[in-house]
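Colleague: Any chance you can model this:
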Amino acid sequence: MKFALIKRDGSSLSLHRLVQRAFIFSQYGLGASCRQEAFDAATKLVNHRFPKTRGSHLFEKWEICADYLAHAISLAEFYNTMKRTKNPLNGSDEFDELVKNASWYQYEIGELQGALDMLMIGFDSCQDANGLQYAHFCNMAGCIYFERNDLVRCRKVHEKARAIREPLGDPDNELPNTYSNMANLLLSEGRFDESLEMNEKAMKLRAPKPGVASTYLALNHMITGRIHRLKRDFPKAREWYQRSGDMFVQLKEGESFLRGWLVFSGHGNYESMTANLTKSLL
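Modeller: Sure thing, here's the model as predicted:
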């Protein structure tokens, strides 16, 4: 009370987080079963409020994500801390879902290390190393490794995601994302024909599906244009960049804003490689 670690408001007491942690790990704290119940309850509440990716971005819900990210991180860190005790916590589907979405939000805002740290906790908590949730974690880790140009680790986790998803027949419409990520990886390694083949697999799965798939199909068209540009087949590159741009124009503002700039940068790189420097600056 003296140092404001405990405050009384009528019949209520407010405990500083240090006091709470000291109590939890003391002989008077919660037992293992009660601690698991409290963890599961808190996870359920935060996961209920945290926005879900559902195969798309979280851009339009960043403000909500920011409000609940600290709570998600706190739960993940507590899980990780308890892992080193004699009574570790058990993960759950809801905890894995929360880790997935919180990690992806951090990836979107450029907090790559934070996203990767949380994903490592997700890998540990996931009960099925051959299930779709584990494949999600692999896919997301691969995106982070790609951003960091760690292509060895990037390949390893994307291949794991692909090995999980292909036999299952794409039940959650995420296999095209894996193919697209593999296409980008192969492209960065200079394996243009293999990249084109992988990208075509993604487009084949996405072509019949409207909605969110149209956004990513536009990205696949852009990737195709990039491949042909690097192969110096400029007529084909321009054709695919134009297809991509036409698709982005038809998308709602929230979708086109995030990805439209990729098309313009692709056109700029195209014009630069064809020696049209004035247009490349536009």
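Colleague: Low-confidence regions, the stretch 101-250 of the chain specifically.
Modeller: Under the criterion pLDDT under 70, the flagged ranges of the stretch 101-250 of the chain are 208-213.
Colleague: where along it do the helices fall?
Modeller: Assigned by DSSP state H, counting those that start in this stretch, the helices in the stretch 101-250 of the chain fall at 112-125, 132-147, 151-168, 175-188, 192-206, 212-230, 234-249.
Colleague: could those go into JSON lines alongside mean neighbour count and distance to D93?
Modeller: Quick note: C-beta positions are derived from backbone N, CA and C, even for glycine. Shown next, in JSON lines, are the helices of the stretch 101-250 of the chain (neighbours: other CB atoms under 10 Å; distance: least, CB to CB, whole Å):
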{"stretch": "helix 112-125", "mean neighbour count": "19", "distance to D93": "10"}
{"stretch": "helix 132-147", "mean neighbour count": "22", "distance to D93": "7"}
{"stretch": "helix 151-168", "mean neighbour count": "17", "distance to D93": "16"}
{"stretch": "helix 175-188", "mean neighbour count": "22", "distance to D93": "21"}
{"stretch": "helix 192-206", "mean neighbour count": "18", "distance to D93": "26"}
{"stretch": "helix 212-230", "mean neighbour count": "22", "distance to D93": "23"}
{"stretch": "helix 234-249", "mean neighbour count": "18", "distance to D93": "35"}
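Colleague: Could you dump those helices into TSV and include distance to G55?
Modeller: Listed next are the helices of the stretch 101-250 of the chain as TSV, based on distance: least, CB to CB, whole Å:
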stretch	distance to G55
helix 112-125	18
helix 132-147	10
helix 151-168	13
helix 175-188	7
helix 192-206	11
helix 212-230	6
helix 234-249	17
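Colleague: for K61, what are its contacts?
Modeller: Neighbour list for K61: P51 [criterion: CB atoms under 8 Å, 6 or more residues apart in numbering].
Colleague: what's the spacing between it and C34?
Modeller: Remark: distance between K61 and C34 (CB to CB, to the nearest Å) = 33 Å.
Colleague: Equivalent analysis for F50, please.
Modeller: 24 Å.
Colleague: now the most centrally placed residue in the chain, nearest residue through space, not along the chain?
Modeller: For the chain, the residue nearest the mean C-alpha position is W104 (3.2 Å; CA atoms, centre = their mean). Closest residue to W104 apart from its sequence neighbours, by CB to CB, 6 or more residues apart in numbering: T53 at 5.1 Å.
Colleague: Tell me who's in contact with the one you found.
Modeller: Contacts of T53 (CB under 8 Å, 6+ apart): 100-101, 104.
Colleague: and those as CSV, adding distance to K204?
Modeller: What follows is the contacts of T53, written out as CSV (distance: CB to CB, whole Å):
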residue, distance to K204
K100, 26
N101, 28
W104, 25
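Colleague: and the helix or strand containing T43, what other elements does it pack with?
Modeller: Element membership of T43, judged by DSSP states H and E, is helix 32-49. In terms of contacts (3 or more CB pairs under 8 Å, 6 or more residues apart in numbering; DSSP states H and E), helix 32-49 is packed against helix 62-82, helix 93-108.
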